[in-house]
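[1] just the structure for this:
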Amino acid sequence: MPIACIEVRKKWSRQDKYLMIQALHASMVECLRIPEHDKFIRLREYQPEDFVVPPGCTESHVLIEISLFSGRSLDAKRALYEAIVSRFSEFGVSKGDIRIILYEVPQENWGIRGGIPASEVDLGFKVEV
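    Got it, this is the predicted structure:
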């Protein structure tokens, strides 16, 4: 049940943005083994002056932040990073132009399905991958 946000500078077409969301979702399904229907992804665009990046980065720089339940292995996280970088390269985003940050949140700190702690809900999938 990850919640993700893709942040980019304004330059991408509507189709590119749609495909970025699909690419991120496919990476999470593959590597985190979340259900296919589990999709909560936002894409935010900024004017270049509102999205300042380190020297050496290009206008194609992408920041991806994912809040997710604690419990994924380092191997699963590595696989996720690699899958995202690989899929985003299809849009011309180089390895040096992508940042991925994971925020691990204990299940008891997620209120879902009417405000019930996620730790008390049958999620329908295994978090420990």
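
[2] correct me, but Gly71 touches Leu123?
    No - at 11.0 Å, Gly71 and Leu123 do not qualify as touching, with contact defined as Cβ atoms under 8 Å. Where C-beta positions appear, they are placed from N, C-alpha and C, glycine not excepted.

[3] which one of those two is surrounded by more residues?
    Ranked by neighbour count (other Cβ atoms under 10 Å), Gly71 and Leu123 place Leu123 first, with 16 against 13.

[4] show me the longest helix that occurs in this protein.
    If you go by DSSP state H, the chain has its longest helix at helix 14-32.

[5] in that one, what counts as buried?
    Leu19, Met20, Ile21, Ala23, Leu24, His25, Ser27, Met28, Val29, Cys31, Leu32 (16 or more other Cβ atoms under 10 Å).

[6] show me what it is packed against.
    When contacts are defined as 3 or more Cβ pairs under 8 Å, 6 or more residues apart in numbering; DSSP states H and E, helix 14-32 sits against strand 3-9, strand 41-46, strand 62-69, helix 74-89.

[7] before I go, just wanted to say thanks for your time.
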